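Participant: just to be clear, the model below is a prediction. Sequence and coordinates:
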Amino acid sequence: MTTGRPRRIEKKYDGRTILKYVYDGDHCIAEYDAGGNLKRKYIYGPGGVVARKEGSEKR
């Protein structure tokens, strides 16, 4: 399912994926590196992002 809105799903450098983005609706909730390791996690409140956690969890 798509919302018709363009959004970034991955970031590439020299043709290789370096980051993947995970969404909940319109909100990016997490970023993972190419190895599946959590890089950042976002927590949202009524006004937008209320916290950002740098992480190292494996996906």
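Facilitator: Nice, thanks for sending it over. It should be emphasised that the depicted structure is a prediction, and the values quoted were computed from it without experimental measurement.

Participant: residue contacts, Ile29?
Facilitator: For Ile29, the residues meeting the contact criterion (CB atoms under 8 Å, 6 or more residues apart in numbering) are Val22, Tyr23, Lys41, Tyr42, Tyr44. Every residue, glycine included, has its C-beta placed from N, CA and C.

Participant: could you dump those into TSV with pLDDT, secondary structure and distance to Glu54 added?
Facilitator: As requested, the contacts of Ile29 are exported to TSV (pLDDT from 0 to 100; DSSP: H, G, I helix; E, B strand; the rest coil; distance: CB to CB, whole Å):
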residue	pLDDT	secondary structure	distance to Glu54
Val22	94	strand	16
Tyr23	92	strand	19
Lys41	95	strand	8
Tyr42	95	strand	11
Tyr44	95	strand	17
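
Participant: list the beta-bridge partners for Gly48.
Facilitator: For Gly48, the beta-bridge assignment (DSSP bridges) gives partners Gly45.

Participant: tell me, how many residues neighbour it?
Facilitator: Residues lying near Gly48 (other CB atoms under 10 Å) number 8.

Participant: returning to what we had before: select only the buried ones of the contacts of Ile29 in PyMOL?
Facilitator: Once 16 or more other CB atoms under 10 Å is used to decide burial, the buried members of those can be selected in PyMOL as follows:
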select buried, resi 41+42
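
Participant: with distance to Lys12 as new columns, can the contacts of Ile29 be given to me in JSON lines?
Facilitator: What follows is these, written out as JSON lines (distance: CB to CB, whole Å):
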{"residue": "Val22", "distance to Lys12": "17"}
{"residue": "Tyr23", "distance to Lys12": "18"}
{"residue": "Lys41", "distance to Lys12": "22"}
{"residue": "Tyr42", "distance to Lys12": "21"}
{"residue": "Tyr44", "distance to Lys12": "26"}
